[in-house]
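**Q** model this:
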Amino acid sequence: SNLVVLPFLSGERSTGFRTHAQGCILGLTRDTTPHQILKACMESVVLRLHAVLSLMEEQQQQQQQLISHSDTLNDRNNVVTLVASGAALEKNALWRQMLADATGKNVVFVTQTFEATARGAAIMAAAALQKQPVTTTTTTTTTVFDDNDDNVVVSKPNPTRRAYWDQTRKRHNDALKAMSSVWQS
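**A** Numbers count the residues shown, from 1 in each chain. I've put the predicted structure just below:
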């Protein structure tokens, strides 16, 4: 479907910081199904997470240029891993897969863990101190995740979904740009 959801129920609090932004669903028809609305809502959250991640990657690239070295967590020769947490992602494998497909990155979810946010921050700090990417392979001694651990769930991006997400992202960004002028008035 061509539905686009802009999920700004409390304004936009990232990327553009549009405080007057409002949630909206564009492209509704009388033939639109509840399933299509749910899918568009899930996609919108994934696309907002992708937008934040993209800004973080741009910032990292600018810093790399300033210090001109390539020993970073996001070395282009390595697959970046997103460490996910939260009840919604724990209970919904589809949402984790959507996030992996949209970002082109592995999404790791560790079940049965307490203080998942603190654990993720510690993993990132350890990887930075070791100057190693966060990885899900078990071929080195710097491994953070064990693929054989039943509590580690890895969603890997499906390259065949790339075109779909590129098209969906463009529709989402076009709608955001169009609605921004409405929110400013």
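**Q** check which element follows the strand or helix carrying residue 83 along the chain.
**A** Residue 83 is located in strand 81-84, with elements delineated by DSSP states H and E. Using DSSP H and E, the helix or strand that follows strand 81-84 in sequence is helix 87-91.
**Q** what's in contact with that next one?
**A** The contact list for helix 87-91, computed with Cβ atoms under 8 Å, 6 or more residues apart in numbering, reads 95, 96, 99, 107, 109, 111. Where you see a C-beta, it was placed from the backbone N, CA and C, and this is true even at glycine.
**Q** just the ones of those residues in strands?
**A** Among these, the members found in strands (DSSP state E) are 107, 109.
**Q** now, of the contacts of helix 87-91, which are buried?
**A** Buried members of the contacts of helix 87-91, counted by 16 or more other Cβ atoms under 10 Å: 95, 96, 99, 107, 109.
**Q** my read: residue 41 touches residue 5, true?
**A** Yes: here residue 41 reaches residue 5: they are 5.0 Å apart, a contact under Cβ atoms under 8 Å.
**Q** of the two, who's got more company?
**A** It is residue 5, of residue 41 and residue 5, that has more neighbours when counted by other Cβ atoms under 10 Å, with 22 against 15.
**Q** hmm, back to that, just flag the most distant two among the contacts of helix 87-91.
**A** Using Cβ to Cβ, these span at most 16.2 Å, a distance reached by 99 and 111.
**Q** all strands for this protein, in order.
**A** Going by DSSP E, the chain shows strands at 4-6, 24-26, 81-84, 106-110, 152-155.
**Q** against which helices or strands is the fourth one packed?
**A** I take that to be strand 106-110. strand 81-84, helix 87-91, helix 93-103, strand 152-155 (3 or more Cβ pairs under 8 Å, 6 or more residues apart in numbering; DSSP states H and E).
**Q** residue 170 is nearest to which of these?
**A** Of all these, helix 93-103 sits nearest to residue 170, with 12.4 Å by Cβ to Cβ.
**Q** may I see the buried residues of that closest one?
**A** 95, 96, 97, 98, 99, 100, 101, 102, 103.
**Q** need the buried ones among the contacts of helix 87-91 in JSON lines with pLDDT and distance to residue 32, can you?
**A** What follows is those, written out as JSON lines (pLDDT from 0 to 100; distance: Cβ to Cβ, whole Å):
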{"residue": "95", "pLDDT": "91", "distance to residue 32": "21"}
{"residue": "96", "pLDDT": "91", "distance to residue 32": "25"}
{"residue": "99", "pLDDT": "94", "distance to residue 32": "24"}
{"residue": "107", "pLDDT": "87", "distance to residue 32": "29"}
{"residue": "109", "pLDDT": "81", "distance to residue 32": "31"}
